[in-house]
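Visitor: Got a sequence here, can you build the structure:
(4 chains)
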Number of protein chains: 2
Amino acid sequence: METNVVDLAQLRRGCAQCSLQQLCLPAGIGQQDLQQLDDIVRRRRPVATGERLFRPGDALTSVYVARDGAFKTVSTSEDGGEQVVGFHLPGELIGLDALGHGRHRCEAVALTTANVCEVPFEQLATVAAQVPSLQQQLLRVIGQSVGRDQDHLGMLVRRQANERIALFLHGLGERLRNIGESGSRYRLPMSREDIARYLGLALETVSRGFTRLQEDGVIAVTGRRIEILQPDELARLAHGGEPAPPVQRRARS
Amino acid sequence: METNVVDLAQLRRGCAQCSLQQLCLPAGIGQQDLQQLDDIVRRRRPVATGERLFRPGDALTSVYVARDGAFKTVSTSEDGGEQVVGFHLPGELIGLDALGHGRHRCEAVALTTANVCEVPFEQLATVAAQVPSLQQQLLRVIGQSVGRDQDHLGMLVRRQANERIALFLHGLGERLRNIGESGSRYRLPMSREDIARYLGLALETVSRGFTRLQEDGVIAVTGRRIEILQPDELARLAHGGEPAPPVQRRARS
DNA sequence: CGCGTCCTTGAGCGTATTCAATCGATGTGG
DNA sequence: CCACATCGATTGAATACGCTCAAGGACGCG
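Guide: All right, here's what the predicted structure looks like:
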């Protein structure tokens, strides 16, 4: 547990001191130019679980990046169904859904207490126009976000439940590893229901999938604690491999 | 049928004369600045059905916009499954999938013979940095593309087959209407299989869905010709409404 | 300790898939 | 000009997968 004092010290640190520097907007930007970006970034005190950064219909004022913690973006369709559009780990831009019409389509909800950097969008665009390397990096970060959306799409289409779940756990591990955390032993920031709404499944199906993976010795689950015991087997399942039957396996050609 | 002579004349026309001007990158850009954009746009002779603009792994050199015709972007997963990531109508940017890593993840295939504008990406970024309104518009267009991807996602998650199909036909009509074509009477540029891979269904299910909609008097289908007979009913079905009972249909105003 | 929330497990059902055959349009060659 | 091949679309029948409904269990918080 960190004390509040330490957190406040963290708050004062700029991009130059941030451990996510190379994964976030500042990546590949020189010292000089970085200062310009740093000047417009607002660092806010921690947001609590369940707090929202924005709601559907809100005007696009800022984009956000978590320094730690996790967020989900949720889109509510007119018939009341909630769809989890994405999960956002530290370093991943939040709020791009409003780029199209200038208003947010989703709401962004904190899954844990989290520290976020707020980047006023107008100013970001202005600075990006002046700093070519920032413009480039902004486009790259947007592109990565598009890439994650496509990965998400790939999870949903014509894949069966267990495959989606394996893909999800595998992909989450990858992303965690990217930001320097363990990809094989982590705590899920989201509920089973969130996962279900992200994967397009019933929450019971997600639960059963976890149980099945555990029975097969691929992972160990206790509540939200995940340990990946057989990473290669998980990867195999994620890419359409047959689940290994308990005793004998039947051939499918 | 247009003659080649007419087509060549069309090719020479710049953005200022293009009917898509207000829907495409030039939207909201002044005469002066438009010329700068126009100078870097390459207009190519028509591409034939089945031709590719780029393939997975290709470096990002240009982004593309169709002036007419239609494209699909397809992502092939390692297990060989093909997923249709998106359909692209005139005025919609193609090639943004490479923004993240600088290499394309998908291939872009022409569904019809089509005329495309090619915009070298480096130069586009350079001009965008000089022309604020273009930078703004570029971000907006990217955002709209993200928005379409989210709509796509919304079609796939927790919606049943008939709902997805209604949503698809409805949405396609909207997009066609946007570019000045009829949204209630059109020819599908893509096969049933493409639609199936886009909607995450088996192609037989798509076929059955069309048949069902026709039986219910909502649409008329002959091959790829679609006529929407009851637009409001289609919209109702698209948003989770119950299919109408077999015998009588109720009027909805 | 008790309550609420989150997660797990079970049973039956419904929807979409798979496998397979047919049909229709289009195009090619005899 | 028509037989034949080919491709796309439609239709049918049986299966399987995931959903719904329902109950029970575990964990965390006051």
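Visitor: What is the neighbour count of A:Tyr186?
Guide: Neighbours of A:Tyr186 under the rule other CB atoms under 10 Å in any protein chain shown: 19. The way it works is simple: take the backbone N, C-alpha and C, and place the C-beta from them, glycine included.
Visitor: do A:Arg185 as well
Guide: A:Arg185: 14 neighbours (other CB under 10 Å).
Visitor: Now do the contacts for it.
Guide: When contacts are counted by CB atoms under 8 Å, 6 or more residues apart in numbering or on different chains, A:Arg185 touches A:226-228.
Visitor: which one of those residues has the most neighbours?
Guide: A:Ile228 (22 neighbours).
Visitor: Looks like that residue contacts A:Arg177 (just checking).
Guide: No - A:Ile228 lies out of contact with A:Arg177 (CB atoms under 8 Å); the separation is 10.9 Å.
Visitor: For the longest helix seen in chain A, what does the pLDDT average out to?
Guide: Across chain A, the longest stretch assigned as helix under DSSP state H is helix A:132-156. Across helix A:132-156, the average pLDDT comes to 96.
Visitor: Tell me if it is near chain B.
Guide: Yes - contact between helix A:132-156 and chain B, assessed by CB under 8 Å from any CB of the partner chain, occurs at A:132, A:135-136, A:139-140, A:142-147, A:149-150, A:152-154, A:156.
Visitor: Next: stretch A:204-220.
Guide: No - Stretch A:204-220 stays clear of chain B (CB under 8 Å from any CB), getting no nearer than 11.4 Å.
Visitor: Just give me how far that stretch sits from the chain centre.
Guide: 22 Å (CA atoms, centre = their mean, to the nearest Å).
Visitor: cool, stretch A:101-115 as well?
Guide: How far stretch A:101-115 lies from its chain's middle: 12 Å, per CA atoms, centre = their mean.
Visitor: pull the CA atoms of it into CSV?
Guide: Extracted C-alpha coordinates of stretch A:101-115, given in CSV (Å, rounded to 0.1, in the frame of the first residue of the first chain):
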residue,chain,number,x,y,z
HIS,A,101,-18.9,13.8,-33.9
GLY,A,102,-17.3,15.7,-31.0
ARG,A,103,-19.5,13.9,-28.5
HIS,A,104,-18.9,10.8,-26.5
ARG,A,105,-20.8,7.7,-27.5
CYS,A,106,-19.7,5.7,-24.5
GLU,A,107,-19.1,6.3,-20.8
ALA,A,108,-15.8,5.6,-19.2
VAL,A,109,-16.0,4.0,-15.8
ALA,A,110,-13.1,3.3,-13.4
LEU,A,111,-12.9,-0.4,-12.5
THR,A,112,-10.5,0.3,-9.7
THR,A,113,-9.2,3.4,-8.0
ALA,A,114,-7.0,4.9,-10.6
ASN,A,115,-4.8,7.9,-11.4
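Visitor: returning to what we had before: tell me which residues in the longest helix of chain A are buried?
Guide: Neighbour-count burial for helix A:132-156 flags A:134-150, A:152-156 (criterion: 16 or more other CB atoms under 10 Å in any protein chain shown).
Visitor: what ranges do the helices span in the stretch 151-253 of chain A?
Guide: Assigned helices in the stretch 151-253 of chain A, in chain order: A:161-178, A:192-199, A:203-215, A:231-238 (criterion: DSSP state H, counting those that start in this stretch).
Visitor: Need those helices in CSV (columns: distance to A:Leu60 and mean neighbour count).
Guide: Listed next are the helices of the stretch 151-253 of chain A as CSV, based on distance: least, CB to CB, whole Å; neighbours: other CB atoms under 10 Å in any protein chain shown:
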stretch, distance to A:Leu60, mean neighbour count
helix A:161-178, 25, 20
helix A:192-199, 23, 22
helix A:203-215, 32, 17
helix A:231-238, 35, 18
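Visitor: Distance to B:Ala16 added to those helices, as TSV?
Guide: Converted to TSV, the helices of the stretch 151-253 of chain A look like this (distance: least, CB to CB, whole Å):
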stretch	distance to B:Ala16
helix A:161-178	45
helix A:192-199	45
helix A:203-215	53
helix A:231-238	50
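Visitor: Tabulate those helices (TSV), appending mean pLDDT.
Guide: Below are those laid out as TSV (pLDDT from 0 to 100):
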stretch	mean pLDDT
helix A:161-178	96
helix A:192-199	98
helix A:203-215	97
helix A:231-238	95
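Visitor: Any idea which of the ones you listed gets closest to A:His104?
Guide: Closest approach to A:His104 among the helices of the stretch 151-253 of chain A (CB to CB): helix A:192-199, 18.3 Å.
Visitor: which residues sit against the closest one?
Guide: Against helix A:192-199 from outside (CB under 8 Å, 6+ apart): A:72, A:74, A:82-84, A:86-87, A:111, A:152, A:155-156, A:161, A:164-165, A:168, A:188, A:190, A:202-203, A:205-207, B:157-158.
Visitor: So which of the residues you listed reach DNA strand C?
Guide: A:203, A:206-207 (CB under 7 Å from any atom of the strand).
Visitor: ok, A:His88 - contacts?
Guide: Applying CB under 8 Å, 6+ apart to A:His88 gives the contacts A:66, A:70-73, A:94, A:108.
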